[in-house]
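Novice: Sequence plus the predicted model coming up.
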Amino acid sequence: MSVLVFSDAQTAATAAATLLAGQLIEKPSLVLGIDAAAALVPAFQSLRAMTANGLLSWGKATVFQLSERVREEGKASLRAFMDDALFGELSLKSGQPIAPADTSGNWADSCHGFEDAILLTGGLDVVLLAVGQDGSLLFNTPDEEMAPTTHVELYKGEKIVTAGLSTLMSAKKLIVLMTGRNMAEIARRTIRGAVDSSLPASMLQLHAAATFLLDEEAASLLG
């Protein structure tokens with residue numbers, strides 16, 4: 001685990017994108033998991049700019065969108081958000097990104113199918129993610145018993161199909177972005193506090209290749 005602190009949120013987000021870009025350049029066939037989090041939009045913008053400038057090519061990469069909203073009338077999908085924020089500009093190979101189903105007659109089978117798709121690639125090389133303001137990860141909320149693999153989670157009144165904590169922790173590398181004064185206490189507990197299921201993000205301490213990127217505001221309570 002390593003912690004990098006930057007002067008402001010945009011610089012931290014650009015650094016997160018640069019770390020991911022370096023992984024993709026080193027391994028064009030990268031298997032990448034991406035958190036469908038609004039907090040990552042500044043990092044997505046940097047990745048789009050690098051791609052537009054010809055610095056990145058995504059044609060050999062395998063990309064997983066790690067969460068999706070269960071389809072309900074009147075609610076936009078996370079895929080629509082991600083297409084607009086990132087995927088629409090990347091020229092991904094056919095069938096990409098791979099995301100959990102948003103509707104199913106058998107959720108257990110659908111969730112297993114998403115896990116199998118990850119396993120068939122040999123597993124995730126890198127995951128880019130943000131920590132929620134409640135310490136959640138990939139829409140996995142604080143709970144005494146957290147689901148280890150892909151499942152349907154009730155997150156702030158919405159049903160979300162999301163990869164689980166074991167799915168996330170099995171990735172070879174994690175790039176974790178936390179910015180803003182409102183994330184300072186969560187950042188402190190995530191990085192310096194006890195590992196506890198009441199704060200899913202604290203589990204990231206157990207990942208040997210997790211890199212946390214914070215701005216000075218988010219890092220203000222780390223000491």
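Specialist: Received, thanks.
Novice: Residue ranges in the protein under the pLDDT threshold?
Specialist: 73, 144 (pLDDT under 70).
Novice: Could you check stretch 164-172 and say which residues are buried?
Specialist: Applying a neighbour-count criterion of 16 or more other Cβ atoms under 10 Å, one finds 164, 165, 167, 168, 169, 170, 171 buried in stretch 164-172. Placement of C-beta: from N, CA and C, glycine included.
Novice: The second one against residue 137, yeah?
Specialist: Yes. In terms of Cβ atoms under 8 Å, residue 165 counts as a neighbour of residue 137; the distance is 6.8 Å.
Novice: any residues in contact with both of the two?
Specialist: By the contact definition Cβ atoms under 8 Å, 6 or more residues apart in numbering, residue 165 and residue 137 are jointly contacted by 200, 203.
Novice: Tell me which other helices or strands the top helix by length along the chain touches.
Specialist: Using DSSP state H, we find that the single longest helix of the chain is helix 9-26. On a contact count with 3 or more Cβ pairs under 8 Å, 6 or more residues apart in numbering; DSSP states H and E, helix 9-26 meets strand 2-6, strand 31-34, helix 41-52, strand 126-130, strand 173-178, strand 210-215.
Novice: So which of the ones you listed is nearest residue 68?
Specialist: strand 31-34 (12.0 Å; Cβ to Cβ).
Novice: Against which helices or strands is the closest one packed?
Specialist: helix 9-26, strand 62-65, strand 126-130.
Novice: Tabulate these (a markdown table), appending distance to residue 160.
Specialist: Shown next, in a markdown table, are the helices and strands packed on strand 31-34 (distance: least, Cβ to Cβ, whole Å):
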| stretch | distance to residue 160 |
| --- | --- |
| helix 9-26 | 23 |
| strand 62-65 | 12 |
| strand 126-130 | 14 |
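Novice: Rebuild these as CSV, extending it with distance to residue 102 and mean neighbour count.
Specialist: Shown next, in CSV, are the helices and strands packed on strand 31-34 (distance: least, Cβ to Cβ, whole Å; neighbours: other Cβ atoms under 10 Å):
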stretch, distance to residue 102, mean neighbour count
helix 9-26, 25, 19
strand 62-65, 11, 22
strand 126-130, 20, 25
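Novice: can you tell which of those is closest to residue 211?
Specialist: helix 9-26 (6.5 Å).
Novice: Now the phi/psi pair for residue 98, please.
Specialist: Here is the backbone geometry of residue 98 (degrees, to the nearest 10): phi -90, psi 130.
Novice: Repeat that for residue 152.
Specialist: According to degrees, to the nearest 10, residue 152 has phi -90, psi 120.
Novice: Likewise for residue 141?
Specialist: According to degrees, to the nearest 10, residue 141 has phi -90, psi 160.
Novice: beta partners of the closest residue to it other than its chain neighbours?
Specialist: Spatially, and ignoring its direct neighbours in sequence, residue 141 is nearest to residue 155 (5.8 Å; Cβ to Cβ, 6 or more residues apart in numbering). Using DSSP bridges, the beta-bridge partners of residue 155 come out as residue 158.
Novice: who's in contact with residue 155?
Specialist: Contacts of residue 155 (Cβ under 8 Å, 6+ apart): 136, 139, 141, 162.
Novice: what's the spacing between it and residue 125?
Specialist: 26 Å (Cβ to Cβ, to the nearest Å).
Novice: give the contact list for residue 43.
Specialist: Contacts of residue 43 (Cβ under 8 Å, 6+ apart): 13, 14, 16, 17, 20, 128, 177.
Novice: Surely the fourth one is in contact with residue 48?
Specialist: Which is residue 17. No. Between residue 17 and residue 48 there is no contact under Cβ under 8 Å: 9.1 Å.
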